[in-house]
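> Have a look; sequence and predicted model below, questions after that.
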Amino acid sequence: MQKASIVAFAALVLATYGGTELLVEGRVRLASGEAAVAAQVMVFDLTNLQRGPVAQATTDADGHFALPLASLDGQALPQGFALGQNYPNPFNPSTVIPYQLPTAAHARLEVFNMLGQRIETLVDGERPAGVHTAMWDATDAAGQAVAAGVYIYRLHSAGVELTRRMVLVDGQAGTAGTGLPVSVGEALGSAVDATSEPAERTYGLVVSGVGVVPYVDATFEVRAGMAPVEFVVESVEELPRGKALTCGILGDVNNDGQVDLADALLVVVFNLDPSITAPNNGNIGLGDVTDDGTVNLVDLLAIMTYITNPLDAFLPTGIGQAATRVNWVAGPIRQLTNDAGVSIGSNVWSPSGLYIYFDGEIDDDQGVYLVSADGSWVGRSSIFRDDDDLHPAWSPDGTQIAFTSYRADNWDIYVMDADGSNLRRLTNNDASDGKPTWSPDGTQIAFESNRAGNWDIYVMDADGEDEYLRRLTNNDASDANPTWSPDGQKIAFQSNRADDWDIYVMDADGSNLRFLAYTSNYEGFPTWSPDGTQIAFVSNRGSDDWADRYIYVMDADGSNPRRLTNNSDYDHSPAWSPDGQKIAFVSRRAGNDDNLDVYVMELLGSCE
């Protein structure tokens, strides 16, 4: 069984005065008594969480670690000049701009419009070496609100000039809900500006290990001369597999009933290692308090603001309150194949969820391949023929496979037993039939066909008897890629009947046709989640390039669309795992324009 990388936490309060020497040492072990070997023990400055760990150590073969903290009295200086991306971006009505100086120097940070006209000067003076931030509230030098659009910000210091772009949404006429509120931006500015050193600091200690259940102690105090500490963690292999999809309190990722510092630490470490899960059967997806589909540092800032002032009027709606609706947030993404030459729309999970089948070509060998869900093995499937067979689809009970084949010099639909025996041809038409998909009860197969002169959706009984063949759509445009809802009551598909590709849904008998995703962008390849509440699909929303593709998910009624991937290199063909916890897809994101490869994305349950 593959072990997941999960993080155990102990939030520590360290008091450091002058040059006091502190040493945190101890041992990390499993409840079974075995040592947690090669675990990372990291310390974070809680006044500057976004900078990452400020000190760390690794456990030895016995699980021991020794972490000297004297270095924390002095901040490590940056190695060069840097101008960070503003956050949030896009923003409204304010944003924070991070920058760093390796030595004390005069710094000038200015904002320009796209015509090169200076709008505002944010910094103009001597600054010590270190990490700094400046906040822009979308006003000009006269204090007047500026219009929405793209702006340039430029840092000039010691002969170095660095420039970046940022996007203001709606100008100050917009609402705070589209970006980070002023109060949160101010909180961030005070949290990450290294120019003011507190006389007394607080730190968080994080123990990250492989295959352990998170441990949290938010009241552990460190002091000079303290005795060695011991962290006892549970093995993840001793727990039930899978993630709970129950909802909780928005922002309470560790499920302890409150939004506090431990939740902020979880969000920080999730940004360092997206494979972590939350303790106490928690839900890292609840950290998406800004509802942008990701758990990121903007959420961290909002959580920190909530901890300081839960009544702040500009906090995201619902933070600290019970969340009731399950949503999805993208987790870590793994590449399963490398230069596989995968065909678009070909990936499908085996009923067990252990393998993903795809049409592809590896080393000039074309055929149906399968790759293990952890990417550890990939190879040809022996039950399909070279070149001739495409688009395998398992029956709901896993005993049969329907597929498209050119075995009789025409594209038709065939079915065989799961071991490759008992082959039967289900369609026999001079036109092309393809993309079979089973009804949930296994009695019917929907497919696409151009037998009437254009591509439409048909359905037949699973035995292929012609008298039960029905044409469900009848349009001069193309209808394609049918997919059954898990209750068998509906079929979703894509169509270009409105001059571009959109997603539609109809009742299983072809009646009651309606839009699900109807935009001026490309929308296609719908696929239902196993519980029937969500539909994943492909879209180029958010891009002016028609060739871009991203994976989106929406509620089954077409509402609440959310973008799961953020890569312009052609993410395509989503397929839900049988347990609903992952989505496989194909992409060119590895940088090879000639090949699509198979990827799998973890899904984190998020609630609203």
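That came through, no problem.
> Okay, now the unreliable bits of the stretch 301-450 of the chain?
324-327, 345 (pLDDT under 70).
> Okay, strands next: where are they in it?
Residue ranges of the strands in the stretch 301-450 of the chain, as given by DSSP state E, counting those that start in this stretch, are 326-335, 348-349, 355-362, 365-372, 378-380, 389-394, 400-405, 412-417, 424-425, 433-438, 444-449.
> packing partners for the third one?
For strand 355-362, the contact count by 3 or more Cβ pairs under 8 Å, 6 or more residues apart in numbering; DSSP states H and E identifies strand 348-349, strand 365-372, strand 389-394, strand 597-607 as packing neighbours. Backbone N, C-alpha and C define where each C-beta goes, glycine included.
> Go ahead and measure how far that strand is from the middle of the chain.
24 Å (Cα atoms, centre = their mean, to the nearest Å).
> pull the CA atoms of it into CSV?
Output in CSV follows, covering the C-alpha atoms of strand 355-362 (Å, rounded to 0.1, in the frame of the first residue of the first chain):
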residue,chain,number,x,y,z
TYR,A,355,-5.8,1.3,-13.4
ILE,A,356,-6.5,3.9,-16.0
TYR,A,357,-7.0,2.7,-19.6
PHE,A,358,-6.1,5.0,-22.5
ASP,A,359,-5.6,4.9,-26.3
GLY,A,360,-2.0,5.7,-27.0
GLU,A,361,1.3,5.0,-28.7
ILE,A,362,4.4,4.2,-26.8
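> Starting from it, tell me which strands it pairs with and how they run.
If you go by DSSP bridges, strand 355-362 pairs up with strand 348-349 (antiparallel), strand 365-372 (antiparallel).
> quick one: buried residues of the helix or strand where residue 553 lies?
Assigned by DSSP states H and E, residue 553 belongs to strand 550-555. Residues of strand 550-555 classed as buried under the neighbour-count rule (16 or more other Cβ atoms under 10 Å) are 550-554.
> Could you export the residues you listed as TSV, including distance to residue 155 and pLDDT?
Converted to TSV, the buried residues of strand 550-555 look like this (distance: Cβ to Cβ, whole Å; pLDDT from 0 to 100):
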residue	distance to residue 155	pLDDT
550	32	90
551	35	93
552	36	92
553	38	91
554	40	90
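> And the helices and strands packed on strand 355-362: which comes nearest residue 457?
Residue 457 lies closest to strand 389-394 among the helices and strands packed on strand 355-362, at 14.7 Å (Cβ to Cβ).
> So residue 300: helix, strand or coil?
Judged by DSSP: H, G, I helix; E, B strand; the rest coil, the three-state class of residue 300 is helix.
> what residues are up against it?
Each residue near residue 300 by Cβ atoms under 8 Å, 6 or more residues apart in numbering is listed here: 49-50, 264, 267-268, 271.
> repeat that for 6 Å
By Cβ atoms under 6 Å, 6 or more residues apart in numbering, the residues touching residue 300 are 264, 267.
> What's the separation between it and residue 208?
In this view, residue 300 and residue 208 are 17 Å apart by Cβ to Cβ, to the nearest Å.
> again, but for residue 162
33 Å.
> Pairing-wise in the sheet, spell out the partners of the residue nearest the centre of the chain.
The centroid of the chain falls nearest to residue 330 when counting by Cα atoms, centre = their mean (2.2 Å). Note on residue 330: beta-bridge partners by DSSP bridges are residue 603.
> contacting residues around residue 527?
483, 536, 574-576.
> Same question for residue 437.
Residue 437 makes contact with 393, 446, 482-484, according to Cβ under 6 Å, 6+ apart.
> let's see it at 7 Å
393, 445-446, 482-484 (Cβ atoms under 7 Å, 6 or more residues apart in numbering).
> returning to what we had before: now tell me what touches the strand holding residue 553 from outside.
Strand 550-555 has contacts (Cβ under 7 Å, 6+ apart) with 328, 517, 533-541, 560-566, 571, 574, 583, 585.
> 6 Å instead?
Contacts of strand 550-555 (Cβ under 6 Å, 6+ apart): 328, 534-537, 539, 560-565, 571, 574, 585.
> Considering those, which possesses the most neighbours?
Counting neighbours by other Cβ atoms under 10 Å, the top entry in the contacts of strand 550-555 is residue 585, with 30 neighbours.
> Check the secondary structure at residue 262 for me.
Assignment for residue 262 (three-state DSSP): helix.
> before we move on, back to that, neighbour count: residue 162 and residue 208, which is higher?
Neighbours were counted for residue 162 and for residue 208 using other Cβ under 10 Å; residue 208 has more, 24 against 15.
> Check which residues of whichever helix or strand that one is part of are buried.
Applying DSSP H and E as the criterion places residue 208 in strand 203-210. Buried positions in strand 203-210, judged by neighbour count with 16+ other Cβ under 10 Å: 203-209.
> Tell me which strands the helix or strand following the strand holding residue 553 pairs with, and in which orientation.
Downstream of strand 550-555, the next assigned helix or strand under DSSP H and E is strand 562-563. Note on strand 562-563: by DSSP bridges, its sheet partners are strand 550-555 (antiparallel).
> Same list (the buried residues of strand 550-555) but as CSV, adding distance to residue 363.
CSV is the format used below for these (distance: Cβ to Cβ, whole Å):
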residue, distance to residue 363
550, 30
551, 28
552, 34
553, 35
554, 38
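> Tell me where this structure has helices.
Assigned by DSSP state H, the chain shows helices spanning 182-192, 261-272, 297-308.
> Compute the first-to-last residue distance for stretch 154-169.
By Cα to Cα, to the nearest Å, the extent of stretch 154-169 from end to end equals 20 Å.
> correction: stretch 422-438
18 Å.
> Would you check which pair of the contacts of residue 437 lies furthest apart?
445 and 483 (12.1 Å).
> So which of those two has more stuff around it?
residue 445 (25 against 22).
> nearest spatial neighbour of that one, skipping sequence neighbours?
Ranked by Cβ to Cβ, 6 or more residues apart in numbering and with sequence neighbours excluded, the top spatial neighbour of residue 445 is residue 436, at 5.0 Å.
> before we move on, the earlier item: report all helices and strands that the strand holding residue 208 contacts.
Using 3 or more Cβ pairs under 6 Å, 6 or more residues apart in numbering; DSSP states H and E as the contact test, the elements touching strand 203-210 are strand 5-14, strand 40-45.
> Name the residues linked to the closest residue in space to residue 343 that isn't next to it in sequence by a beta bridge.
Spatial nearest neighbour of residue 343, excluding adjacent residues (Cβ to Cβ, 6+ apart): residue 359 at 4.0 Å. With DSSP bridges applied, residue 359 shows beta-bridge pairing to residue 368.
> again, but for residue 154
residue 110, residue 163.
> what do you get for residue 130?
Residue 130 has these beta-bridge partners by DSSP bridges: residue 101.
> what does residue 393 give?
So, taking DSSP bridges as the rule, residue 393 has residue 402 as bridge partners.
> Which of the helices and strands packed on strand 355-362 has the highest mean neighbour count?
Counting by mean count of other Cβ atoms under 10 Å, strand 597-607 has the highest mean neighbour count of these, with a mean of 24.
> And for that one, what's in contact with it?
Strand 597-607 is contacted by residues 245, 247, 283-285, 288, 323, 326-337, 340, 342, 347, 356, 358, 371, 581-587, 590 when judged by Cβ under 6 Å, 6+ apart.
> Pull the number of nearby residues for residue 530.
So residue 530, with other Cβ under 10 Å, has 13 neighbours.
> hmm, back to that, which among the strands paired with strand 355-362 is found nearest to residue 493?
Per Cβ to Cβ, nearest to residue 493 of the strands paired with strand 355-362: strand 348-349, 16.6 Å.
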